[in-house]
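Student: for reference, the sequence and a predicted model appear below.
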Amino acid sequence: MEFFDVLDKRKSIRQFKDKQVEKEKLDKILEAIASAPSAGNLQARKILIITKPEAKKKLCEASLGQGCLIQAPIILAFFAIPKESESKYGTRGRDLYAIQDATIACTYAHLAATALGLGSVWVGAFHDDSIKKAVGAPADYITVALLPIGYPNEEGKPRSRKKFEELFVKEKF
Ligand SMILES: Cc1cc2nc3c(=O)[nH]c(=O)nc-3n(C[C@H](O)[C@H](O)[C@H](O)COP(=O)(O)O)c2cc1C
């Protein structure tokens, strides 16, 4: 799929078919994630791949009961590793770059899934500590996003966005 078609096609998908995602497709998504940029190329992030029903149930419980986390055959959980970025960039690395390293990785995954004909939704409403406890992640990681991925069983909502005049500023505020 052409890049701008991917952007156009990408929507949040929260309903998934009862159909597995092929390993080749998952591998492509993981390659896309691994190719994402990061501050100082430190890649201060870790991505957990979850497919087991009991783990998905725990993630759902830690995320206000969002059903997409049960339905989707795969969930990717994106963690920032603040101490890795802090070692080079101090507090800016700890408080900002590590989060951005994990965020952009999730962005790549979301777009790659779309390009492969899969649906996904960025899930950010969860309790960080409950997620980390559920999956055994180190306490000093930060859960940045969950991305349930599968074959879409809905079209997604029509896109609504701020007008350009609201969003963009020319030259000066
Ligand atoms: C940081 C962030 C957190 C989000 N958290 C959730 C969430 O917890 N649950 C959910 O269903 N959608 C969540 N979304 C998806 C947004 O609701 C969605 O992107 C937005 O409504 C625009 O719709 P679209 O993605 O179809 O263009 C989140 C998106 C972002 C970027």
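Tutor: That came through, no problem.
Student: just give me the longest strand of the protein.
Tutor: Taking DSSP state E as the criterion, the chain has its longest strand at strand 142-150.
Student: so who does the closest residue to residue 12 other than its chain neighbours touch?
Tutor: Nearest residue to residue 12 in three dimensions, chain neighbours excluded: residue 121, at 4.2 Å (C-beta to C-beta, 6 or more residues apart in numbering). Heads up, the C-betas are built off the backbone N, CA and C, glycines and all. Residue 121 sits next to 12-14, 68, 147-148 when contact means C-beta atoms under 8 Å, 6 or more residues apart in numbering.
Student: hmm, 7 Å instead?
Tutor: Residues near residue 121 by C-beta atoms under 7 Å, 6 or more residues apart in numbering: 12-14, 68, 148.
Student: do the same with residue 60
Tutor: Here residue 60 is in contact with 66-67, 69-70 (C-beta under 7 Å, 6+ apart).
Student: and which of the residues you listed is nearest the ligand?
Tutor: residue 66 (5.7 Å; C-beta to the nearest ligand atom).
Student: how many residues are close by that closest one?
Tutor: Counted with other C-beta atoms under 10 Å, the neighbours of residue 66 add up to 19.
Student: secondary structure for the contacts of residue 60 - can I get that in a markdown table?
Tutor: Putting these into a markdown table (DSSP: H, G, I helix; E, B strand; the rest coil) gives the following:
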| residue | secondary structure |
| --- | --- |
| 66 | coil |
| 67 | coil |
| 69 | helix |
| 70 | helix |
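Student: which among those end up buried?
Tutor: 66, 69-70 (16 or more other C-beta atoms under 10 Å).
Student: for the ligand, what's the nearest residue on this structure?
Tutor: Counting by C-beta to the nearest ligand atom, the chain gets nearest the ligand through residue 124, at 2.8 Å.
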